[in-house]
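In: Fold the following.
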Amino acid sequence: MSVPFVSVHRVRLDEVDAAGVVYFAHFFSWCHEAMAAMLASVDGGYAALVMTRRLGLPAVHAEADFAAPVRFGDEVRISTVVERIGTSSCALRFELERPSDGDHIATLRHIVALTDLNEMRSRPLPDDVLRILARYS
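Out: Numbering: from 1, shown residues only. Alright, predicted model coming up:
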């Protein structure tokens, strides 16, 4: 059984649409933020991974199943589990729930590939990233 990395997002007013519910694309942003938070302890931090080391983790596949609406002010708990670790990529599963009532909101999956941002080519996952991914797999 995997131990998830858990983060929390509070829904902002600018994230809801005219119907008063969160616009679906924001879920993907929240999950990317959860991944970045999970990787915050890499050498130099996640920002240094991208800005200094010039290594990114762009999504090469993303999917989502939505189960319940989310509204302005709701708190969303995002539990991140690493489902698979490859040489240069990994598969992440994000389970979103509303702590106030325990409702399951959505399940998202991303496959991300470690990319050299200067050459825009895939590279093997570095050891510090692998250690963190293994912790949540």
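
In: Check which helices and strands the longest helix seen in the chain is in contact with.
Out: Using DSSP state H, we find that the single longest helix of the chain is helix 25-38. Packing partners of helix 25-38 (3 or more C-beta pairs under 8 Å, 6 or more residues apart in numbering; DSSP states H and E): strand 5-10, strand 59-66, strand 75-85, strand 89-98, strand 103-113. The C-beta positions use only the backbone N, C-alpha and C, and glycine is treated the same way.

In: Report the buried residues of the helix or strand following that helix.
Out: With elements assigned by DSSP states H and E, the helix or strand that comes after helix 25-38 is helix 45-51. Judged by neighbour count using 16 or more other C-beta atoms under 10 Å, the buried positions of helix 45-51 are Tyr46, Leu49, Val50.

In: residues near the residue nearest to Glu15 when sequence neighbours are not counted, how many?
Out: Using C-beta to C-beta, 6 or more residues apart in numbering and skipping residues adjacent in sequence, the residue nearest Glu15 is His26, 4.7 Å away. By other C-beta atoms under 10 Å, the residues close to His26 number 18.
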